[in-house]
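Q: Build the 3D model from these lines:
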Amino acid sequence: MALHRDHVGHNYASVEIATVPAHGRVYIAFDAQVQMANVGEPVAAPADWLTPERFIESDHPDIMALARGLRQLSEHATVEAIFDWVATEVSYAGYLADDRGALYALTERRGDCTEQADLVVALARACSIPARMAGGYVVERDTVLNAVDYHNWAEVGLDGNWHIVDANRRELFPSTCRYLRFRLYRDVPTNPLGFAHRHAVEGALQAIES
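A: From the prediction side, this is the model:
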């Protein structure tokens, strides 16, 4: 097994399996101990998080118009206004299997944590504030992660550090030590995992969830 880190800060592991007999199976167990730190992560390349992307339609006229209405005298106040608007105006629709994006959340005024985070990110970028969408888990203590608890939230760059904005859970700038980030969403793959949330397979093997 080898550990890797991609250019946007993802840590991931690779396991190489040389041969597998016909109709054979290989079981891989992965245990990780993660120490959560309540410190801000520096914004290394803010320009990378200012442009429109798939599901982050920050250049759409409707999103730009709303962003102009929410813009305040300071970036902190602007982010607070964005958070208040999305948390109040975009209702939680329950889990949606397909991603719909920021414009859907604005138009329909509904979505799940993904759409709410998309809209926060799009509005922040429309206000020239670096922002990104992250996915992972919110944990309160030592725990076993459950796939159904996977959660998405927004992160904004303020004062040189990333800060969490979670409109779905109505938490503005919560402690980072509770948010276990698995991935940052981009419209192009940043490492061999591609767009997979937890694992991916290269080669002829077929992955089977257990």
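
Q: What count of nearby residues applies to Ala13?
A: Using other Cβ atoms under 10 Å, Ala13 is surrounded by 12 other residues. No exception for glycine: its C-beta is placed from N, CA and C like everyone else's.

Q: can you give me the strands in the chain?
A: Taking DSSP state E as the test, the strands found in the chain are 2-5, 11-14, 41-42, 91-92, 110-111, 131-138, 151-158, 161-166, 171-172, 179-184.

Q: Tell me which of those sits most buried.
A: For the strands of the chain, ranked by mean neighbour count under the definition mean count of other Cβ atoms under 10 Å, the leader is strand 151-158 at a mean of 24.

Q: Which helix or strand in this structure has the lowest average pLDDT?
A: strand 11-14 (a mean of 76; mean pLDDT, DSSP states H and E).

Q: ok, back up a step: now the strands of the chain as TSV including distance to His60?
A: Shown next, in TSV, are those (distance: least, Cβ to Cβ, whole Å):
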stretch	distance to His60
strand 2-5	34
strand 11-14	32
strand 41-42	29
strand 91-92	21
strand 110-111	16
strand 131-138	15
strand 151-158	17
strand 161-166	20
strand 171-172	24
strand 179-184	22
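
Q: So which of the ones you listed is nearest Gly101?
A: Shortest separation from Gly101 across the strands of the chain is recorded for strand 110-111, at 8.7 Å, computed as Cβ to Cβ.

Q: For the residue nearest the centre of the chain, give its distance to Phe30.
A: Per Cα atoms, centre = their mean, the C-alpha nearest to the average position across the chain is that of Ala134, at 1.5 Å. According to Cβ to Cβ, to the nearest Å, Ala134 and Phe30 sit 21 Å apart.

Q: same question, Glu16
A: From Glu16 across to Phe30, the span is 14 Å (Cβ to Cβ).

Q: before we move on, what about Ala200?
A: Where Phe30 is concerned, Ala200 sits at a distance of 13 Å (Cβ to Cβ).

Q: who has more neighbours, these two?
A: More crowded of Ala200 and Phe30, by other Cβ under 10 Å: Ala200, with 15 against 9.
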